[in-house]
Structures are given as structure tokens and as C-alpha cells.
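*Asks:* can you look at this prediction? I've put the sequence above it.
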Amino acid sequence: MIGAILIQQTTWKNVQKAIENIKLSGTLSPELINLISLEELENLIKPSGFYRVKARTLKTYVAFLMEGYNGRISSMNRESLEILRNKLLKIKGIGMETADSILLYALKKEIFVVDGYTKRIFERIGITNSRDHEKIRILCERSLRSEGNSIYCFNEMHALIVALGKSYCKKRPKCGICPGKDLCQKKGVKNEQRWN
DNA sequence: GTCCAGTGGT
DNA sequence: ACCACGGGAC
């Protein structure tokens, strides 16, 4: 859950440093993160960037966890996907991607995580011309559910999209060496950027 | 669209 | 010296 918040607009390597700092400080628990000062938390998570905004979000999140569920994730997880998602989205600093990451990865709920890569890749491939988060999420869930074991498929597909986005379908795409070049229509890729 | 902000790659 | 990064708020 901490990772889901810290990953915003940064890389895993930096998130790991931040989480390692929290571990080394001995405050890796809802109770303790709730207790330490905002400034102390800011210092711990500095490597993950946007550290003031993210420290505030973390504080708000653990307060939510403490007040609503006595700090127990198992207690939180008894609520339905829909109820929980709406509650998470009300927390300042938690948008749809972060909420859905918490629901899928931390709570094993059946929801597909749409991220910036998903929108960019789908747009370029020509799967959709809309960047509407919910439309893409519903589309992915509908398609992947027919494969059975939704949670596993949602996990795996998201991981594969991230892998493709990080190495090939980057902001400046590497179409020449992309494993998907034969089936990609490149509708969203500008001409001069296609064959890098 | 702009800001938040440290870190790594080019 | 740039640029980009597994977002979100305003």
C-alpha cells in the first residue's frame, strides 16, 4: 500500500529506497507511521520524489486505516470492492490508479489497474482512441475475465504492459525493436518517431 | 496546463 | 545539461 502511493510518477528503485528507509527507522506499521512527525516521514521517503505531497498522502491514508479499521488490513479487506474503491478515491492524493493498485495488489480484489502506459500503448496500437480511464478498465476486465483466474490475469497483463511501456513503447518509442511492431497500427505514433 | 521534486538514463 | 518517470490536485 505504501508502495502504491510512493510509486506515483517515479521508479521502483526509488520507492524501494524509501521503503527501506522506513524499515530501518523501525516505523513500518500503520500505528507508527501515524505517530511520527510529518517532517520525519518526509525525510524517510525523500528518494521517491514529490516527498512532501506523498508524505501527506501517506499520513492521510494511515489515519484512514487506523480510524476506520483499527489499523487492520484484514478488517479493511472485508469490505466490498465497490465500497472500498469509493472510500479510497475520497482520500486526497489517491486517484484511480493508486486506488486500484491497492485493491488489486495489496487486497487481491478483482480490478484491473489502468496506468499511463496502458493509455499510451492502447492509443498507439489502435485498440481505443479514448483515454478515458474507466472505459479502458472495463474493456480490459471484460476481455481478461474470459480467460479465467481474473486476479492472476489482471496482475500479469498489467505487469506485461509496464514491461512493454518501459522498454519499447516509451514516450519516444523504439518501434524498430518492439516485439509488437507487426500487430501495431501505430495510429498514435508520430511519423518521425516510428523507427527509432 | 502547471506544479510537486529526487533520481537515473541519454 | 537535459529528459523522463508505473499520478494527482488545482
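*Replies:* Cool, got the structure.
*Asks:* for the rest of this, base every contact and every neighbour count on C-alpha atoms.
*Replies:* Fine.
*Asks:* mind telling me what element A:G68 is part of?
*Replies:* helix A:51-69 (DSSP states H and E).
*Asks:* and A:I2, how far from DNA strand C?
*Replies:* As judged by C-alpha to the nearest atom of the strand, to the nearest Å, A:I2 and DNA strand C stand 12 Å apart.
*Asks:* repeat that for A:K59.
*Replies:* Distance from A:K59 to DNA strand C, by C-alpha to the nearest atom of the strand: 14 Å.
*Asks:* isn't that residue up against A:L32?
*Replies:* No - when contacts are counted by C-alpha atoms under 8 Å, A:K59 is not listed as touching A:L32 (10.4 Å).
*Asks:* so which bits of the host helix or strand of A:Q16 are buried?
*Replies:* In this assignment (DSSP H and E), A:Q16 forms part of helix A:12-25. Residues A:14-19, A:21-22 are the ones in helix A:12-25 that count as buried (16 or more other C-alpha atoms under 10 Å).
*Asks:* SS state for A:S101?
*Replies:* A:S101 falls in the helix class when you classify it by DSSP: H, G, I helix; E, B strand; the rest coil.
*Asks:* now do A:C140
*Replies:* helix.
*Asks:* could you find the closest non-adjacent residue to it?
*Replies:* A:F112 (7.0 Å; C-alpha to C-alpha, 6 or more residues apart in numbering).
*Asks:* and that neighbour, how many neighbours does it have?
*Replies:* 27 (other C-alpha atoms under 10 Å).
*Asks:* swap in A:S74?
*Replies:* 10.
*Asks:* any idea how far it lies from A:S146?
*Replies:* 29 Å (C-alpha to C-alpha, to the nearest Å).
*Asks:* check A:Y69 too.
*Replies:* 34 Å.
*Asks:* which one of those two is surrounded by more residues?
*Replies:* Neighbour count, other C-alpha under 10 Å: between A:Y69 and A:S146, A:Y69 has more, with 15 against 10.
*Asks:* just send the buried residues of helix A:12-25 back as a markdown table, with distance to A:D100 too.
*Replies:* Shown next, in a markdown table, are those (distance: C-alpha to C-alpha, whole Å):
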| residue | distance to A:D100 |
| --- | --- |
| A:N14 | 21 |
| A:V15 | 18 |
| A:Q16 | 20 |
| A:K17 | 23 |
| A:A18 | 21 |
| A:I19 | 20 |
| A:N21 | 25 |
| A:I22 | 23 |
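*Asks:* restrict those to contacts with DNA strand C.
*Replies:* Among those, not one lies near DNA strand C by C-alpha under 7 Å from any atom of the strand.
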